[in-house]
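1. can you look at this prediction? I've put the sequence above it.
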Amino acid sequence: MSLPAIATVIGSGTMGPGIAATLARAGTQVRVYDISDEALARAEKSTAFAASVLDQIGGDSAPGGSVSFSSDIAVALDGTEFVIEAVPEKLELKKSVLAQIEGLVGADVIIATNTSGIPITTMGEALGTPGRFIGMHWSNPPHLIPMIEVIPGEATDAAVTDRLVEIVKAFGYHPVIENEIAGFVENRVLYAILRECVALVQEGIVTQEALDTCVKWGIGYKLAVVGPMRLLDMAGLDIYQSVSSYLNKELDASTETPSVITESIAAGRLGFKSGGGMYDYAEGDVDAKRADIVAGLVAVRKALSATTPV
Ligand SMILES: NC(=O)c1ccc[n+]([C@@H]2O[C@H](COP(=O)([O-])OP(=O)(O)OC[C@H]3O[C@@H](n4cnc5c(N)ncnc54)[C@H](O)[C@@H]3O)[C@@H](O)[C@H]2O)c1
Ligand SMILES: Cc1ncc(CO)c(C(=O)O)c1O
């Protein structure tokens, strides 16, 4: 199983730095490109931080890995073997960036996108050679969540899917191959959970603190160890039939974003990035909460690595 010697990450916002640090630790020379010099400067710091978190997880650090930053896309793509596009989730922007990448790389270079759910086949229409194009959906934070959704589009060559699976395994992550569907699998499951959680809080059935306690220490903790399909076996399929027969029709089925979210956004409350969202944060609270989350993810990942993969 071999990794590309040189890989390029296009877009160095929330996701790019952790992706770069993960590949570099496995031995790849990673080039990071962004149109924004400010984003590149921030990315240098967050890539170093992600690398320090990877040190806490432990495990092998392969020789030869490195991360360099460039505001010149031709420099970032020169000699590359593998490209990951991680620019904002806007179809037209992604299409134009993909076409730009295609014009600067060799014919055998795989181009992957970290889109959260835009159909791969639609994005691939921007390329003259869509057979080399594939979805590679990392989960945030990408240096900590060791699972990647691999989504071939209708035009993706089978050999490209095979190679991406090989690459993901080579840096020690779990690849999940999926057929193309809106939102892909991870976000379909996550957004089903989030829709019900937000509805329960908005309707005043439970406080948000109590909801977070319920999910973190109840199903969150359990699902980290036992996947939903095996949980059905653990509970008994007959129990699922009995409960789902009266409960499924009661679950939230709204198709619009709930007002508690849209009203918060209108008030400038976006979450950690704006210093307040569902919760309020005083000075220093966001950094403390982020550190707490990283410590928890490092500890849980270490614990889970001693269990069976499925
Ligand atoms: N944030 C998440 O939790 C998350 C998780 C999984 C997947 N994703 C997906 O990953 C992608 C990137 O998300 P993000 O959260 O890192 O976005 P972001 O907005 O934090 O960062 C995007 C970066 O792309 C840069 N950029 C914009 N136009 C560019 C161009 N033409 N060329 C090069 N760089 C350009 C921006 O300057 C910015 O630094 C999106 O498709 C998103 O849906 C995000
Ligand atoms: C709420 C939410 N939405 C999208 C994504 C990524 O596609 C994530 C994530 O954590 O990766 C998320 O939490």
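-> Yep, that arrived. Ligands and ions are numbered 1, 2, ... in the order given.
2. count of neighbours near the residue in the stretch 101-250 of the chain positioned nearest to ligand 2?
-> Across the stretch 101-250 of the chain, the shortest distance to ligand 2 (CB to the nearest ligand atom) belongs to S116, at 3.2 Å. Quick note: C-beta positions are derived from backbone N, CA and C, even for glycine. Residues lying near S116 (other CB atoms under 10 Å) number 17.
3. list the residues that contact it.
-> 89, 137, 183-184, 187 (CB atoms under 8 Å, 6 or more residues apart in numbering).
4. try it again at 6 Å.
-> S116 sits next to 89, 187 when contact means CB atoms under 6 Å, 6 or more residues apart in numbering.
5. just the one 4 residues further on next, same as before
-> The neighbours of I120, taking CB under 6 Å, 6+ apart as the test, are 135, 151, 153, 180.
6. re the thing from before, pLDDT score assigned to the residue of the stretch 101-250 of the chain closest to ligand 2?
-> Listed pLDDT for S116 reads 94.
7. helix, strand, or coil at it?
-> coil (DSSP: H, G, I helix; E, B strand; the rest coil).
8. for the stretch 1-150 of the chain, which spans come out with low pLDDT?
-> 1 (pLDDT under 70).
9. how about the residues of it that lie near ligand 1?
-> Residues of the stretch 1-150 of the chain lying near ligand 1 by CB under 6 Å from any ligand atom: 10-16, 33-36, 39, 86-89, 93, 97, 114-116, 138, 140.
10. whichever of the residues you listed end up buried, select them in PyMOL.
-> With 16 or more other CB atoms under 10 Å as the criterion, this PyMOL line picks the buried residues out of those:
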select buried, resi 10+11+12+15+16+33+34+39+86+87+97+114+115+116+138
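11. rewinding a little: any quick PyMOL command for the buried ones out of the contacts of I120?
-> Entered in PyMOL, the line below selects the buried ones among these, by 16+ other CB under 10 Å:
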select buried, resi 135+151+153
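12. grab the nearest non-local neighbour of V206.
-> Once flanking residues are discounted, V206 sits nearest to L200: 5.3 Å by CB to CB, 6 or more residues apart in numbering.
13. can I assume the one you found sits in a strand?
-> No: counting by three-state DSSP, one finds L200 to be helix, located in no strand.
14. quick one, helices of the stretch 101-250 of the chain?
-> Counting by DSSP state H, counting those that start in this stretch, one finds helices in the stretch 101-250 of the chain at the ranges 120-124, 158-170, 184-202, 208-214, 221-225, 228-235, 237-247.
15. as a markdown table, those with distance to ligand 2 would be great.
-> A markdown table is the format used below for the helices of the stretch 101-250 of the chain (distance: least, CB to the nearest ligand atom, whole Å):
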| stretch | distance to ligand 2 |
| --- | --- |
| helix 120-124 | 14 |
| helix 158-170 | 16 |
| helix 184-202 | 5 |
| helix 208-214 | 14 |
| helix 221-225 | 14 |
| helix 228-235 | 18 |
| helix 237-247 | 24 |
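16. which residue, other than its chain neighbours, is closest to the residue in the chain that ligand 1 sits nearest to?
-> Of all residues in the chain, the one sitting closest to ligand 1 is G13 (1.8 Å; CB to the nearest ligand atom). Nearest residue to G13 in three dimensions, chain neighbours excluded: A39, at 6.0 Å (CB to CB, 6+ apart).
17. and what of Y281?
-> Nearest non-adjacent residue to Y281, counting by CB to CB, 6+ apart: G275, 5.6 Å away.
18. again, but for Y173
-> Spatial nearest neighbour of Y173, excluding adjacent residues (CB to CB, 6+ apart): P146 at 4.6 Å.
19. element containing K95?
-> Element membership for K95 (DSSP states H and E) is helix 91-102.
20. on that earlier part again, for the residue nearest to Y173, give its distance to C197.
-> Distance, P146 to C197, by CB to CB, to the nearest Å: 25 Å.
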